[in-house]
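Asker: Build the 3D model from these lines:
(2 chains)
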Amino acid sequence: MPAGPPKAVQAFAALLIPCACREEVLGDLQERCTSTDGSAMQYCRDVFGTLPFVILSRIRRTADPKLLLMHAFVLYLSFYGAAWFKAYALLYEPWGPARLAIPRAIALLALVLEDAYAKSGRRSPLRLIRGPLVGLAWTLLFEAALRTTHSNLALPFWIVLYGGALGLLLTSALRMLFSPPSTSPQGPI
Amino acid sequence: MTLLIRERGLTPATHLSYAVGEIKRTDSLGQFEQLVLTAILARRDDAYGVSIHSKVEELAHPKAVSLGAVYVTLDRLEDKRLIRSWLSDPTPERGGRAKRCYRLEALGERALEESAVTAKRIWDGIVEVWGKEWVRAQSKEWGKRLGKEAG
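Answerer: Below you'll find the model as predicted:
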């Protein structure tokens, strides 16, 4: 009798495969492992060979480039506006604009991943706000980590907070107006 | 075309512009997409991730094909509305997990047909230039290769 896939690797794969395709991908990987009498090594190779493709494909399906561009613009505007009011001098520092771009990039990455890992189907307003909230949390955590490791790149706390709050408001409004694409599975024929 | 209009519930006022868009969409089939569509066609009612992958590997031989690449292409073909998918019932050999089954849509069948016709034209064009000797030599080589695999 075939040994079956290693539980730890299976749990790791289940954690990283987006919800919308988790069921079938895990099933396919298990079937390949058991039907070919595959070893644990074969299963690991299959998992690590398939994961990047599945995640990138999901991101491609759920991310709308135009909407992402709008998000990038409002996020940059939020942090730029906060810096304008709270630390005007930062805008004229040599690396000032680049420092303002770091939280925007983190928030955008969080938004993209939140959409990719969201369950497919109808999206309620609460679920649309979850992405910007996750983005804000990631930004705060990343800025805190940056403060301890590369304090010269970190933004002042108030700019992160005000910029993040404004960004949360604006990105939530954008997501309400232009809902991200949802790829719900089609029904049986 | 009538099938398309009926399937998608298009009004006479919109079907013309829609059809132009659809034709444009089916034009851009890559070689790997053709392989995946052929695999779905060949597997009929049993077309799902693993079975499609094994058929694609068979068709693309001797090139190795990763399962991930098949998933990406299936997603892209579904977005192009060339195929349709649904989840089947869970099975014990898959750890109680369901399969995502696929089948060709009318647009997919048409796209595959167009690809096959183009491939036939390419073949005829080559034969016209390189002659029947070349065809015989190719057939011999394929026969040998198939014999080796079977043996």
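Asker: Is whichever residue of chain A sits closest to chain B in a helix, a strand, or coil?
Answerer: Nearest residue of chain A to chain B (CB to the nearest CB) works out as A:F53 at 2.8 Å. Just so you know, the C-beta spots here come from the backbone N, C-alpha and C atoms, and that holds for glycine as well. With DSSP: H, G, I helix; E, B strand; the rest coil as the basis, A:F53 sits in helix.
Asker: Contacts only, for the residue nearest to it when sequence neighbours are not counted.
Answerer: In this structure, A:F53 finds its nearest non-sequential neighbour in B:G68, 2.8 Å apart by CB to CB, 6 or more residues apart in numbering or on different chains. Listed by CB atoms under 8 Å, 6 or more residues apart in numbering or on different chains, the contact set of B:G68 reads A:G49, A:T50, A:L51, A:P52, A:F53, A:V54.
Asker: How about A:C19?
Answerer: A:C19 touches A:Y117, A:A118, A:K119, A:S120, counting by CB under 8 Å, 6+ apart.
Asker: helix or strand for the third one, which one?
Answerer: Okay, so that is A:K119. For A:K119, there is no host helix or strand (DSSP states H and E).
Asker: quick one: the residue nearest to A:F53 and A:Q30, what's the gap?
Answerer: Distance of B:G68 to A:Q30, given as CB to CB, to the nearest Å: 16 Å.
Asker: now swap in A:P103 and tell me
Answerer: Noted for A:P103: a distance of 40 Å to A:Q30, by CB to CB.
Asker: Of the two, give the one with the bigger neighbour count.
Answerer: A:P103 (29 against 23; other CB atoms under 10 Å in any protein chain shown).
Asker: The residue nearest to that one when sequence neighbours are not counted: what's it in contact with?
Answerer: Of all residues not flanking A:P103 in the chain, A:T139 sits nearest, at 4.4 Å (CB to CB, 6+ apart). By CB under 8 Å, 6+ apart, A:T139 lies in contact with A:P103, A:I106, A:A107, A:A110, A:V160, A:G164.
Asker: switch to 6 Å and redo it
Answerer: Residues in contact with A:T139 (CB atoms under 6 Å, 6 or more residues apart in numbering or on different chains) are A:P103, A:I106, A:A107, A:G164.
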